[in-house]
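K.L.:
this one's sequence-less:
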């Protein structure tokens, strides 16, 4: 249920941070913030999808949700073929299979914090707001949170990937963490946070993975691939082009510590 493990931040106009504008709200009482560690994979995707529908019908508040996965899961993009995934390999590894409402390619959710933001696309104060503005603003407060944890070298990508060329350039196995877009968060050239969006009328769902530790590289073990050489190639791409917070900080960063940092950054004065 949406009410379990709730951390609802309440505030006044005096301490309301400018990030309130992201949610189209004037006080934090108008925003629901949920922290749900070790949540079931199917429930995770249903909650995000259903909240977007509810906000679109004006029956729910904007939402920020921080969650993790139990069991670990591979999520398929909204339009990705189920046959890309080796279901027997997933069973052997104890990895569930779920489909995201957002696009992109398969991701293994393991040692990570996943965030979801459900907000109005445009508001009375920002009638021209775009999905790109929302993408940027979400990553601004995530960057501030990662800096609070000591990952001060994590910063924005400076250019925009041509995703059409990227997705044509390899097999269906090319991982989501193999490329980066403007305003995504990188450590050097390695992606630390991967995000995706879906538009529901005038509502945007954006969710993404903050890599805390290893496990996401298991994607190479659960894809249907033609050869072991191709499996090794995909594993190498993931290792080369993604970084975890443990890599960046040189120490373990827990889900709880990352959650606290995000909430602190969000409400900073």
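P.N.:
That came through, no problem. What you are looking at is a predicted structure, and each value in this text was computed from that prediction instead of being measured. Numbers count the residues shown, from 1 in each chain.

K.L.:
beyond the biggest helix by length in the chain, next helix or strand please.
P.N.:
Scanning the chain for the longest helix, with DSSP state H as the assignment, gives helix 131-148. Downstream of helix 131-148, the first helix or strand assigned by DSSP states H and E is strand 154-156.

K.L.:
name the residues of that next one that are buried.
P.N.:
Residues of strand 154-156 classed as buried by neighbour count (16 or more other CB atoms under 10 Å): residue 154. To be clear about C-beta, it is placed using only N, CA and C from the backbone, and glycine gets the same treatment.

K.L.:
mind giving me the packing neighbours of it?
P.N.:
For strand 154-156, the helices and strands in contact under the criterion 3 or more CB pairs under 8 Å, 6 or more residues apart in numbering; DSSP states H and E are helix 131-148, strand 185-187.

K.L.:
bridged to residue 109, which residues?
P.N.:
When bridges are assigned using DSSP bridges, the partners listed for residue 109 are residue 73.

K.L.:
dump the residue contacts of it.
P.N.:
The contact partners of residue 109, by CB atoms under 8 Å, 6 or more residues apart in numbering, come to 41, 68-69, 72-75, 209, 216.

K.L.:
out of those residues, which end up buried?
P.N.:
With neighbours counted using 16+ other CB under 10 Å, the contacts of residue 109 contain these buried positions: 41, 68-69, 72-75, 209, 216.

K.L.:
distance to residue 93 and pLDDT added to those, as TSV?
P.N.:
Output for these, formatted as TSV (distance: CB to CB, whole Å; pLDDT from 0 to 100):
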residue	distance to residue 93	pLDDT
41	14	98
68	17	98
69	13	98
72	8	98
73	11	98
74	9	98
75	15	98
209	18	98
216	13	98
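
K.L.:
if we can go back for a sec, pull out the buried positions in the longest helix of the chain.
P.N.:
133-135, 137-146, 148.

K.L.:
again with stretch 205-216
P.N.:
Taking 16+ other CB under 10 Å as the neighbour-count basis, stretch 205-216 is seen to contain the buried residues 205-212, 215-216.

K.L.:
and the two most separated of those residues?
P.N.:
Checked with CB to CB, those reach their widest spread between 205 and 215, with 24.1 Å between them.

K.L.:
I'd say residue 111 and residue 210 touch.
P.N.:
No: contact criterion CB atoms under 8 Å: residue 111 and residue 210 do not qualify, at 10.3 Å.

K.L.:
need the contact list for residue 115.
P.N.:
Contact criterion CB under 8 Å, 6+ apart gives 64-67, 138, 142, 207-208, 210, 262 as the residues in contact with residue 115.

K.L.:
looking at this, it is in a strand?
P.N.:
Yes: looking at residue 115 with DSSP: H, G, I helix; E, B strand; the rest coil, it is inside a strand.

K.L.:
distance check, it against residue 234.
P.N.:
25 Å (CB to CB, to the nearest Å).

K.L.:
and if you look at residue 84?
P.N.:
For residue 84, the distance to residue 234 - CB to CB - is 12 Å.

K.L.:
compare these two and say which is more crowded by neighbours.
P.N.:
With other CB atoms under 10 Å as the criterion, residue 84 and residue 234 differ in neighbour count, and residue 234 comes out ahead with 22 against 18.

K.L.:
quick one: pLDDT of the more buried one?
P.N.:
You'll see residue 234 listed with a pLDDT of 96.

K.L.:
so where's this protein shaky on pLDDT?
P.N.:
Residue ranges of the chain with pLDDT under 70: 1-17, 158-181, 269.

K.L.:
next one: phi and psi at residue 107?
P.N.:
Phi and psi for residue 107, reported as degrees, to the nearest 10, are phi -140, psi 140.

K.L.:
hmm, residue 219 and it touching each other?
P.N.:
Yes: counting by CB under 8 Å, a contact exists between residue 107 and residue 219, whose distance comes to 6.9 Å.

K.L.:
can you name the residues that contact the residue nearest the centre of the chain?
P.N.:
With distances taken as CA atoms, centre = their mean, the residue of the chain nearest its centroid is residue 208 (0.6 Å). Shown in contact with residue 208 (CB under 8 Å, 6+ apart): 114-115, 193-196.

K.L.:
and those as a markdown table, adding distance to residue 257?
P.N.:
Supplementary listing: the contacts of residue 208 in a markdown table, determined by distance: CB to CB, whole Å:
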| residue | distance to residue 257 |
| --- | --- |
| 114 | 15 |
| 115 | 14 |
| 193 | 16 |
| 194 | 20 |
| 195 | 20 |
| 196 | 24 |
